[in-house]
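Engineer: The following block contains a protein sequence and its predicted model.
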Amino acid sequence: MKKAKHKRSPCPIACTLDILGDRWTLLLIRDMLFGRTHFNEFCRSPEGIATNILADRLEKLLAHDLAEKYTSNEVPIRDAYRLTEKGKSLKTVLDAVAKWGLANIDGTEARMKPKAL
């Protein structure tokens with residue numbers, strides 16, 4: 001598992017963006033909040049993440065203790081992923097981003113509801 005890189009700055013926004021600031025990481029966190037747990041479920045998200053990028057972003061979430069890997073009960077011998085408490089704490093960030101998008105970007109709509117945490 002990769003360890004966190006050296007910080008480019010002590011700025012909390014810059015440090016957060018170093019972890020979450022690509023186009024896929026927050027979407028994976030969103031999917032986990034909606035109850036998705038398996039690699040193939042993440043692949044079926046409407047944004048169409050490539051499998052190599054998905055694997056990299058899952059490793060990144062694990063390295064930063066935002067998610068954990070466990071053995072699936074639903075699909076035997078398959079790994080599954082879930083958010084840690086640290087990862088779940090990002091729900092308020094995603095809620096704020098979604099609210100902003102709904103208010104300011106024409107054509108957006110809230111289609112999914114997160115599962116109970």
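Structural biologist: Cool, got the structure.

Engineer: And the helices in this protein?
Structural biologist: 12-20, 25-33, 39-43, 51-63, 85-88, 91-104 (DSSP state H).

Engineer: right, so of those, which gets closest to A110?
Structural biologist: helix 91-104 (6.3 Å; CB to CB). Yep, even glycine has a C-beta here, placed from its N, CA and C like the rest.

Engineer: just to revisit the earlier point, which one of the helices of the chain is the most hemmed in?
Structural biologist: Ranked by mean neighbour count, the helices of the chain are led by helix 25-33 with a mean of 20 (mean count of other CB atoms under 10 Å).

Engineer: Show me what it is packed against.
Structural biologist: helix 12-20, helix 39-43, helix 51-63, strand 67-71, strand 79-83, helix 85-88, helix 91-104 (3 or more CB pairs under 8 Å, 6 or more residues apart in numbering; DSSP states H and E).

Engineer: Report the angle between that helix and helix 91-104.
Structural biologist: If you take axes from the mean of the first three to the mean of the last three CA atoms, to 10 degrees, helix 25-33 sits at 110 degrees to helix 91-104.

Engineer: Give me the contacts around helix 25-33.
Structural biologist: In this structure, residues lying in contact with helix 25-33 by CB atoms under 8 Å, 6 or more residues apart in numbering are 19-20, 41-42, 45, 47, 49, 54, 57-58, 60-61, 66-67, 81-83, 87-88, 90-91, 93-94, 97, 114-115, 117.

Engineer: Stretch 46-58: how far from the chain's middle?
Structural biologist: The chain centre lies 11 Å from the centre of stretch 46-58; the measure is CA atoms, centre = their mean, to the nearest Å.
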